[in-house]
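Participant: Got a predicted structure plus its sequence, pasted below:
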Amino acid sequence: MRSVTEPKSSVPGSRHHEYEEQGFVIVRELFAPAAVEEALTEAVTLLSRHDLILKDNLRCRWQTNVYSGECQFETFDPVIDLSPACRALAEDSGLHGVLADLYGETARLFKDKLIYKPPGCPGYGLHQDWISWPGFPRSFLTVLVPLESASLANGCTVVYPGYHHRGSLSPEDGQYHPLPDGTVDESLAVPLELEPGDVAIFGGFTPHRSAANLSATWRRQLYLSYNKDSDGGPQRDAHYVEFHRWLRRRYAEHGKHDVYFQ
Ligand SMILES: O=C(O)CCC(=O)C(=O)O
């Protein structure tokens, strides 16, 4: 696996070029430690929201622990309406400056989730985030914000540079598709090993995956997704309406009809 270090002196134009070429960039020490610490404190506090962390709540995502086999809470999606500190990171002017440089225009928040990934939590198979729903922005990108150290040991996200140039690598039928083994060259894998304050930014067509968290510590990370203003304008509310419609259909296919969003 390659390791990538962002030179601190990186000039804006070179970051744009790198993002276009590689499909991702890493920006070190973008956020003040106190801002990230506050988000982590709120993330921890949110785990006591037993009124929200319920199986029928569309806001919550669950995973089967690899050690215990227990179905465990993993993600709030969305999260910025629950956590002012997470919202502050999503709206941070320094971050928006970086995004404006990558996009060449204003970025609009599209989606926001907080993945807790406790010890024993499985990872995600290889996939691209872009999905062929009508109007889904091709400029979709995700800013990964670690709230604590992310490493291969605790199942950091791993990206594969260059493949974004090929667009969607799976059928454009509106469904989520994991990418088959062999789609990418494993020797190109770049683990997004980050410290609090760092961010990684990757596009919707950049293949990525993560392994299970086999360490003894959590891997709490924000995944903040944006689109170009010229690619649909502000559409976060519309995205969640569409996302919930899609989730309801998926649950219904499994005989579950009593879901709600809170
Ligand atoms: O948790 C991770 O490392 C990856 C998450 C991810 O790829 C996703 O939520 O789409």
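Facilitator: All right, it came through fine.

Participant: Residues of the stretch 1-150 of the chain that sit close to the ligand?
Facilitator: Proximity of the stretch 1-150 of the chain to the ligand is assessed by C-beta under 6 Å from any ligand atom, with 115, 117, 123-124, 129 identified as the residues in range. Quick note: C-beta positions are derived from backbone N, CA and C, even for glycine.

Participant: And the strands in the stretch 101-250 of the chain?
Facilitator: Listed in chain order, the strands of the stretch 101-250 of the chain (DSSP state E, counting those that start in this stretch) span 107-115, 124-127, 141-146, 157-159, 190-191, 199-203, 208-210, 221-228.

Participant: that older thread, now for the residues of the stretch 1-150 of the chain next to the ligand: which two are most distant?
Facilitator: Lys117 and Asp129 (17.1 Å; C-beta to C-beta).

Participant: quick one: which of the two has more around it?
Facilitator: For Lys117 versus Asp129, neighbours defined as other C-beta atoms under 10 Å are more numerous around Lys117 (25 against 19).

Participant: Spatially nearest residue to the more buried one (excluding sequence neighbours)?
Facilitator: Sequence neighbours aside, Arg219 is the residue nearest to Lys117 in space, at 4.1 Å (criterion: C-beta to C-beta, 6 or more residues apart in numbering).

Participant: hmm, back to that, which one of the residues of the stretch 1-150 of the chain next to the ligand is nearest to Ser215?
Facilitator: The nearest member of those to Ser215, counting by C-beta to C-beta, is Lys117 at 9.8 Å.

Participant: residues near Asp237, how many?
Facilitator: There are 8 residues near Asp237, going by other C-beta under 10 Å.

Participant: distance of it from Pro78?
Facilitator: Distance from Asp237 to Pro78, counting by C-beta to C-beta, to the nearest Å: 10 Å.

Participant: how about the residue nearest to Asp185 when sequence neighbours are not counted, what does it touch?
Facilitator: Excluding its sequence neighbours, the residue lying closest to Asp185 (C-beta to C-beta, 6+ apart) is Tyr160, at 7.5 Å. Taking C-beta atoms under 8 Å, 6 or more residues apart in numbering as the criterion, Tyr160 is in contact with 23, 126, 184-185, 188-190, 206-208.

Participant: Only whichever of those residues are buried, select them in PyMOL.
Facilitator: Restricted to the buried members of the contacts of Tyr160, where burial is judged by 16 or more other C-beta atoms under 10 Å, the PyMOL selection command reads as follows:
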select buried, resi 23+126+184+189+190+206+207+208
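
Participant: Would you pull up the residue in this structure closest to the ligand?
Facilitator: Ser210 (3.2 Å; C-beta to the nearest ligand atom).

Participant: Wait, that residue touches Cys121, no?
Facilitator: No: with contact defined as C-beta atoms under 8 Å, Ser210 does not reach Cys121; the gap is 9.7 Å.

Participant: Find residues that contact each of the two.
Facilitator: The contact lists of Ser210 and Cys121 share Gly155, where a contact means C-beta under 8 Å, 6+ apart.

Participant: Count the neighbours of the nearest residue to Leu144 once chain neighbours are set aside for me.
Facilitator: Of all residues not flanking Leu144 in the chain, Ala200 sits nearest, at 4.5 Å (C-beta to C-beta, 6+ apart). Other residues near Ala200 number 26, with proximity taken as other C-beta under 10 Å.

Participant: how long is stretch 117-124 end to end?
Facilitator: Distance across stretch 117-124, first residue to last, is 11 Å (C-alpha to C-alpha, to the nearest Å).

Participant: what mean pLDDT does it have?
Facilitator: If you average the pLDDT over stretch 117-124, you get 98.

Participant: before we move on, what about stretch 50-58?
Facilitator: Within the predicted structure, the mean pLDDT of stretch 50-58 is 98.

Participant: Stretch 130-147 now?
Facilitator: pLDDT averaged over stretch 130-147 gives 97.

Participant: Then stretch 213-226?
Facilitator: Model confidence over stretch 213-226, given as mean pLDDT, is 98.

Participant: Make 39 the starting number, not 1.
Facilitator: Yes, from this point I'll number from 39; that puts the last item at stretch 251-264.
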